[in-house]
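**Student:** Here is the input, now give the coordinates:
(one chain, ligands or ions: 1)
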Amino acid sequence: MTGEGDGTRVVHAGLPEAVVGEPFLPGPVFAAPYHLDPVDGPGVNGYGRPDNPTRRALEKAIGSLEGGPTLAFASGQAAITALLLSTLRQGDTVALPSDGYFTVRAFAEGTLRGLGVKTLLVPTAGPYPSFEGVRLVLLETPANPGLDVCDIRAVSAQAHAAGALVAVDNTTATPLGQRPLELGADVVVASGTKALTGHSDVLLGYVASTNDEVMATVTTWRAQTGAVPGAFDSWLAHRSLATLDLRLARQSANAQVLAELLAGRPDVSNVRYPGLSGDPSWAIAREQMHRIPGIVSFDLGSAERVARFLAASELVFAATSFGGLHTSADRRAQWGDDTAPGFVRLSCGIEDTIDLVADLSAALHAA
Ligand SMILES: Cc1ncc(COP(=O)(O)O)c(C=O)c1O
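**Tutor:** Numbering: from 1, shown residues only. Below you'll find the model as predicted:
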């Protein structure tokens, strides 16, 4: 499906052949055990932990967008920790973004350290150190929440030269925003909880890779540890995926306008949006990304001013997470991110731009 546009690709991703009298997207298959052939044993479906057709259809859909075989997990963290725990051994070193999703760092500093795995923290914007002795390099670009972007192709080449495996967290960009496997990464990990599914009603994660060894290891890991998404969540995710192109288009358009509005205000500082031509991430984002996601970050100076801004806004929900239909904002310091007290991550939804501009302007004025 590579020659087709994004809208066409997401609408048709993972659908079965058309059969008269059958639905376009088959409903969820709820099954723990399946009928077995007592002589030949399980065929495609033996037991629900390793085997579920609804989940397989979703994996086929995401895989067609990322460009590699895909395994779905119960959450982004389940996917990321599956890769880390199934790949790393005692004495190994893993390189992680110092400015990426904080739970991954916490996991490395707790569980991985306890298993004898060392962590090398690297800022997404670089400079990148030598990867000699590093087993796995995990990149997160754009990084959440600071929105720095790194050159996946260049860092992958450097890591491969040192014998390291490269994984990219593609949560913020989504596979319509960038395709790390085509840029030289070995593995994509992601939370599908965010823009990929986009309706704030599902937790999902996935690992995608064209490396057979990685996929075999992670398949066994998932079958034995069991962090699989249920049939209903898999189906909801697949259904939601079909509108990804439309949702991202509106989110990005809203983010561009709101970032420009925020950057033009004297009472807002440190506005970051890779779509702004003055942004430090602009040049590399333009080069490697197909579109810029709908996330903007900025500083309102204090936690109290953020609270006043959110209380005054009628459209911006105070909520964590991002990538959903509803515009929301999160003061990241409350979660333990190393950010200033007034630092806000704004996730632009799909409301009308004109309404968001009016609401944000009024709320900032009131705050
Ligand atoms: C970049 C990134 N990766 C991974 C995760 C974890 O995903 P989940 O919440 O689905 O476990 C998050 C969650 O916010 C995230 O922002």
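**Student:** For Ala253, what is the enclosing helix or strand?
**Tutor:** For Ala253, the host element (DSSP states H and E) is helix 244-263.
**Student:** Now that helix: average pLDDT?
**Tutor:** For helix 244-263, mean pLDDT rounds to 98.
**Student:** List of residues touching it?
**Tutor:** Outside helix 244-263, the residues that touch it by C-beta atoms under 8 Å, 6 or more residues apart in numbering are 5-7, 9-10, 174, 176-177, 195-196, 198, 268, 271, 273, 275-276, 278, 291-296, 298, 323, 325, 327, 346-351, 353, 356-357, 360-361. In this view, the C-beta of every residue, glycine as well, is placed from N, C-alpha and C.
**Student:** Which residues of the protein lie near the ligand?
**Tutor:** Listed as neighbours of the ligand in the chain under the rule C-beta under 6 Å from any ligand atom: 75-77, 80, 101, 140, 144, 169, 171-172, 191, 193, 203, 205.
**Student:** And the furthest pair within the residues you listed?
**Tutor:** Taking C-beta to C-beta, the two most distant members of the residues of the chain next to the ligand are Glu140 and Leu203; they sit 18.5 Å apart.
**Student:** and these two? which has more neighbours close in?
**Tutor:** Set side by side, Glu140 and Leu203 show more neighbours around Glu140, with 26 against 18, by other C-beta atoms under 10 Å.
**Student:** how about stretch 165-183: buried residues?
**Tutor:** Within stretch 165-183, the residues that count as buried by 16 or more other C-beta atoms under 10 Å are 165-181, 183.
**Student:** Can you flag which of those residues belong to strands?
**Tutor:** Mapping those onto strands (DSSP state E) picks out 165-169.
**Student:** okay, those in JSON lines with pLDDT next?
**Tutor:** Shown next, in JSON lines, are these (pLDDT from 0 to 100):
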{"residue": "Leu165", "pLDDT": "98"}
{"residue": "Val166", "pLDDT": "98"}
{"residue": "Ala167", "pLDDT": "98"}
{"residue": "Val168", "pLDDT": "98"}
{"residue": "Asp169", "pLDDT": "98"}
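**Student:** Including distance to Ile284, could those residues go into CSV?
**Tutor:** Putting these into CSV (distance: C-beta to C-beta, whole Å) gives the following:
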residue, distance to Ile284
Leu165, 22
Val166, 16
Ala167, 19
Val168, 14
Asp169, 16
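**Student:** pLDDT weak spots in the stretch 1-150 of the chain?
**Tutor:** 1-2 (pLDDT under 70).
**Student:** Among the contacts of helix 244-263, name the ones in strands.
**Tutor:** Judged by DSSP E, strands contain the following of the contacts of helix 244-263: 271, 295-296, 298, 346-347.
**Student:** The stretch 151-300 of the chain: helices as residue ranges?
**Tutor:** Using DSSP state H, counting those that start in this stretch, the helices of the stretch 151-300 of the chain run over 152-161, 212-225, 231-241, 244-263, 282-288.
**Student:** The shortest one: how far from the chain's middle?
**Tutor:** Taking C-alpha atoms, centre = their mean, to the nearest Å, one finds helix 282-288 lying 18 Å from the centre of the chain it belongs to.
**Student:** Quick one: residues contacting whatever residue of the chain ends up closest to the ligand.
**Tutor:** The ligand sits closest to Gly76 of the chain, with a gap of 2.3 Å, by C-beta to the nearest ligand atom. Listed by C-beta under 8 Å, 6+ apart, the contact set of Gly76 reads 101, 171, 189-194, 203-205.
**Student:** Brilliant, that's me finished.
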